[in-house]
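Trainee: Okay, sequence plus prediction incoming.
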Amino acid sequence: MGFYLILSNLIGNTQQQVKNDLIAAQSFYNLETNQIGTSIRLLSGKSDFESAKKIIGLDYLVSVSSNDFMMANMAKDLAAKDGFYKEFADKTFRGNMNTTTIRTKKGRTIMVQHDVTSPRPYSRIHQINGTKAMACKYPEPGRISKGDNWYSEDEMKELEKKYTPRIVTRIGEMAKQVGGHGGMDFMMDWRTIDCLRNGLPLDQDVYDAALWSSIGPLTEWSVANRSQSVDVPDFTCGSWSKNRPVDILLKEGGTTKVI
């Protein structure tokens, strides 16, 4: 949805696009599951960089939201100028800023923030803090630090050269040429097809989908109950601890050619 709703008249969005955004903003849980999945895999607890799967269980979460200071006002302003939006003039919209903290079974925490209306540069945050270093994706370019200062550009290039997994070096450049979210769409499609062709487990399964999707309604319940903690269901009945790592080094498969 994003801040473009507020600037809709300036950038030429259609009435139906804005209407769809207003409808979406009336419900609370609209968190993107891909951000949750990224965090879970980063917190796998493995240090060899070969195990990027979700070897982690979620325990419980707490969530708090601000009031809505922007959406209702925008809806009223739009309705005053155009009858097309009158149905939203007296509607209630979710808070502008939501912050959710998730505690894992291993005592780690994940903070997820959802903000689609306040004026700010684009950012998905993507920051991870560990006992020896931290990494931050946004604002770009991505950076890493082991103390008070960021690694230099030359040091970052050395790290990227050393740790870029084979799946990226294998089809990364081709993926960029094909496009689609910077090439990531092509890479994920290729990986899925390669797993199917070689009889390998997919990188994401139905249990991942259930877990990541459950965060939305759980945060809604927490917010509605004065930010009380709520348990995150274990859809695997404990089997999450035995998950196979994602083979980002392509030790198996990797045979699919691109014509």
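Mentor: Cool, the structure landed. Small disclaimer: the values here were computed from a predicted structure and weren't measured.

Trainee: For the stretch 51-200 of the chain, just list every one of the strands.
Mentor: Using DSSP state E, counting those that start in this stretch, the strands of the stretch 51-200 of the chain run over 58-65, 97-104, 109-115, 127-129, 134-136, 143-145.

Trainee: per-residue confidence averaged over the fourth one?
Mentor: Put plainly, it is strand 127-129. Strand 127-129 shows a mean pLDDT of 89 in the predicted model.

Trainee: Partner strands of that strand, with direction?
Mentor: strand 134-136 (antiparallel) (DSSP bridges).

Trainee: Next, format the strands of the stretch 51-200 of the chain as JSON lines and append distance to Arg197 and mean neighbour count.
Mentor: All C-beta spots, glycine's among them, are computed from the backbone N, C-alpha and C. Listed next are these as JSON lines, based on distance: least, Cβ to Cβ, whole Å; neighbours: other Cβ atoms under 10 Å:
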{"stretch": "strand 58-65", "distance to Arg197": "32", "mean neighbour count": "20"}
{"stretch": "strand 97-104", "distance to Arg197": "34", "mean neighbour count": "19"}
{"stretch": "strand 109-115", "distance to Arg197": "34", "mean neighbour count": "16"}
{"stretch": "strand 127-129", "distance to Arg197": "33", "mean neighbour count": "14"}
{"stretch": "strand 134-136", "distance to Arg197": "33", "mean neighbour count": "16"}
{"stretch": "strand 143-145", "distance to Arg197": "35", "mean neighbour count": "15"}
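
Trainee: Quick one: those as CSV, columns for distance to Lys251 too.
Mentor: Formatted as CSV, these follow (distance: least, Cβ to Cβ, whole Å):
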stretch, distance to Lys251
strand 58-65, 28
strand 97-104, 27
strand 109-115, 28
strand 127-129, 25
strand 134-136, 25
strand 143-145, 26
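
Trainee: Low-confidence regions, this structure specifically.
Mentor: 1-35, 41, 44-55 (pLDDT under 70).

Trainee: mind checking which of the strands of the stretch 51-200 of the chain is nearest Ser229?
Mentor: strand 58-65 (4.9 Å; Cβ to Cβ).

Trainee: For the closest one, output the C-alpha coordinates as PDB.
Mentor: Only the C-alpha atoms of strand 58-65 are listed here, as PDB (Å, rounded to 0.1, in the frame of the first residue of the first chain):
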ATOM      1  CA  LEU A  58       8.800 -19.500  17.600                       C
ATOM      2  CA  ASP A  59       7.600 -19.300  21.200                       C
ATOM      3  CA  TYR A  60       5.300 -16.300  21.700                       C
ATOM      4  CA  LEU A  61       4.800 -12.700  20.600                       C
ATOM      5  CA  VAL A  62       3.600  -9.300  21.800                       C
ATOM      6  CA  SER A  63       2.300  -6.600  19.500                       C
ATOM      7  CA  VAL A  64       1.400  -2.900  20.000                       C
ATOM      8  CA  SER A  65      -0.100  -0.400  17.600                       C
END
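
Trainee: so what secondary structure elements neighbour that strand?
Mentor: Where contact means 3 or more Cβ pairs under 8 Å, 6 or more residues apart in numbering; DSSP states H and E, strand 58-65 is packed against strand 97-104, helix 206-224, strand 230-231.

Trainee: need the ones you listed in a markdown table with distance to Thr192, can you?
Mentor: Output for these, formatted as a markdown table (distance: least, Cβ to Cβ, whole Å):
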| stretch | distance to Thr192 |
| --- | --- |
| strand 97-104 | 27 |
| helix 206-224 | 13 |
| strand 230-231 | 32 |
